[in-house]
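> based on what follows, work out the 3D shape:
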Amino acid sequence: MKLGELASRLGAELRGDPNLEITGVKGIEEAGPSEITFVANPKYTALARNTHAAAIIVEPEFQEIAAATIRIKNPYHAFSRALGLFYQPPSYAPGIHPTAVIDPTAEIGPEAHIGAYSVVGPNVRIGSHATLLPHVVLYPGVQVGDYFFAHAHSVVRENCVLGDHVTLENGVIIGADGFGFSKNDAGQWEKIPQSGPVRIGNRVDVQANATIDRATVGATEIGDGTKVDNLVQVGHGSRVGNDSLICAQTGLAGSSIIGNNVILAGQVGIAGHCTVGDGVILTAQSAVSHDVPPGKMISGSPGFDNRVWLRAVTIFQRLPELLKRLDRLEKTVAKQVAASEAAPPNEETGK
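Presented below is the predicted three-dimensional model:
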């Protein structure tokens with residue numbers, strides 16, 4: 001593809017030779033003379049001056065450099081779009097593999113691909129252009145929308161409802177039983193029935209080996225546009241709003257409520273029945289056991305305001321030095337007190 005055509009398709013301003021032939025997309029340190037790259041983080045600005053790439057996707061105000069530049073407001077997203085022009089994932093032709101097991105009451109939309117050894121249970125409804133790769137299982141009563149894409153070994157349990165353009169990566173479990181048990185009179189744990197389904201909105205991606213549990217009563221809900229990373233646990237009866245990011249190894253205990261446009265970074269923990277407001281950011285390995293108002297950035301475990309946490313971490317790193325200074329100060333004061341007590345009395349006062 002010519003560089004000029006690429007810039008046009010991205011809706012960007014080109015400064016450079018429009019006839020350069022572009023063959024691919026790579027990172028700024030790996031890109032060669034027929035490839036493009038991008039700079040969205042200022043710390044990579046110096047690398048842009050020495051890159052071997054044919055062109056760099058940058059913000060409109062980016063400095064002039066030797067390489068050609070494609071200037072656009074959101075270079076990271078433009079890079080993603082450019083990548084999609086050069087790399088296409090495998091496509092799967094419509095059809096049902098002869099080893100798939102499909103209940104006669106199931107409704108399969110047009111142009112669906114049902115892979116080998118997939119199982120589609122009774123009263124399942126699948127929208128148009130769906131793709132089920134090998135060993136996917138849809139339990140009875142499941143409903144999935146148009147352009148559903150389920151990678152191998154993902155499972156959707158009974159009566160769960162998924163919207164359009166939902167993608168499940170390998171090993172995802174939607175609607176497994178929530179972790180609900182109560183003690184009987186003999187002190188033994190008995191399982192609480194988990195009767196409520198999972199309801200997932202449109203444009204939701206759930207990454208590999210994540211689990212979203214069904215509810216005891218009501219439903220577990222994931223809003224439109226939310227992205228759930230690998231190894232995330234969403235507890236029963238939780239509700240997650242629209243366009244939120246839940247990063248790897250995060251855990252939401254039961255009945256957690258997460259607002260819109262929330263970012264939960266890696267290994268975040270949310271205690272049960274807590275509410276996290278819209279626009280909140282919880283940084284990596286932070287944990288909260290209390291409600292968080294909208295717009296806050298929280299760090300630490302237990303979590304508190306990020307700005308205070310940053311100051312506390314700085315002080316924490318200085319604790320050995322401060323302890324030595326305190327020890328020296330205590331010894332100096334002790335010597336002064338001892339010297340004062342040992343001094344002869346003043347003849348005028350008798351003290």
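
> A40 reaches P75, doesn't it?
Yes - A40 is within contact range of P75, at 4.9 Å (criterion: C-beta atoms under 8 Å). (Each C-beta comes from the backbone N, C-alpha and C, glycine too.)

> for L310, pull up the helix or strand it's in.
Element membership for L310 (DSSP states H and E) is helix 306-317.

> now that helix - C-alpha only, CSV.
Written as CSV, here are the backbone C-alpha positions of helix 306-317 (Å, rounded to 0.1, in the frame of the first residue of the first chain):
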residue,chain,number,x,y,z
ASN,A,306,-3.3,8.2,44.7
ARG,A,307,-1.6,11.5,45.5
VAL,A,308,-1.4,10.7,49.2
TRP,A,309,-0.2,7.2,48.4
LEU,A,310,2.6,8.5,46.3
ARG,A,311,3.8,10.7,49.1
ALA,A,312,3.5,7.8,51.5
VAL,A,313,5.5,5.5,49.3
THR,A,314,8.3,8.1,49.1
ILE,A,315,8.4,8.3,52.9
PHE,A,316,8.3,4.6,53.2
GLN,A,317,11.4,4.3,51.1
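
> packing partners of that helix?
When contacts are defined as 3 or more C-beta pairs under 8 Å, 6 or more residues apart in numbering; DSSP states H and E, helix 306-317 packs onto strand 297-299.

> sheet partners, orientation included, of the strand it packs on?
Using DSSP bridges, the strands paired with strand 297-299 are strand 281-282 (parallel), strand 304-305 (antiparallel).

> average model confidence for it?
Mean pLDDT, strand 297-299: 97.

> list the neighbours of that strand that are in contact with it.
Residues from elsewhere that reach strand 297-299, judged by C-beta atoms under 8 Å, 6 or more residues apart in numbering: 280-283, 286, 288, 292, 304-307, 309-310.

> at 7 Å instead, please
280-283, 286, 288, 292, 304-306, 309 (C-beta atoms under 7 Å, 6 or more residues apart in numbering).

> of the residues you listed - the most surrounded one?
Counting by other C-beta atoms under 10 Å, L282 has the largest number of neighbours within the contacts of strand 297-299, with 27 neighbours.

> ok, A40 and P75, which is more surrounded?
Higher neighbour count among A40 and P75: P75, with 25 against 14, using other C-beta under 10 Å.

> give the contact list for the more buried one.
Shown in contact with P75 (C-beta under 7 Å, 6+ apart): 38-40, 57-59.

> what count of nearby residues applies to A152?
Residues within reach of A152, counting by other C-beta under 10 Å, total 16.

> over to H97?
Count around H97 with other C-beta under 10 Å applied: 13.

> contact partners for it?
Neighbouring residues of H97 by C-beta under 7 Å, 6+ apart: 114-116.

> neighbour-wise, which one of those leads?
Greatest neighbour count in the contacts of H97, by other C-beta under 10 Å, goes to I114: 26 neighbours.

> test of understanding: give the bridge partners of S182.
With DSSP bridges as the rule, S182 is bridged to E190.

> what sits against Q143?
Per C-beta under 7 Å, 6+ apart, neighbours of Q143: 125, 161.

> err, P18, not the other one
2-4.

> gap between R49 and Q285?
According to C-beta to C-beta, to the nearest Å, R49 and Q285 sit 36 Å apart.

> ok, now L252?
15 Å.

> now V156
Taking C-beta to C-beta as the measure, V156 falls 31 Å from Q285.

> which parts of the stretch 1-150 of the chain are helices?
3-10, 45-50, 75-86 (DSSP state H, counting those that start in this stretch).

> so can I have a markdown table of those showing distance to V234 and mean pLDDT?
Formatted as a markdown table, the helices of the stretch 1-150 of the chain follow (distance: least, C-beta to C-beta, whole Å; pLDDT from 0 to 100):
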| stretch | distance to V234 | mean pLDDT |
| --- | --- | --- |
| helix 3-10 | 35 | 96 |
| helix 45-50 | 38 | 89 |
| helix 75-86 | 26 | 94 |
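
> of these, which approaches L326 most closely?
Set against L326 and scored by C-beta to C-beta, those come closest in helix 45-50, at 42.8 Å.

> residues in contact with that closest one?
The contact list for helix 45-50, computed with C-beta under 7 Å, 6+ apart, reads 28-29, 39, 56, 65.

> switch the cut-off to 8 Å
28-29, 39, 56, 58, 62-63, 65-67.

> chain center to the helix of greatest length in the chain: distance?
Scanning the chain for the longest helix, with DSSP state H as the assignment, gives helix 319-342. Mean-position distance between helix 319-342 and its chain equals 51 Å (C-alpha atoms, centre = their mean, to the nearest Å).
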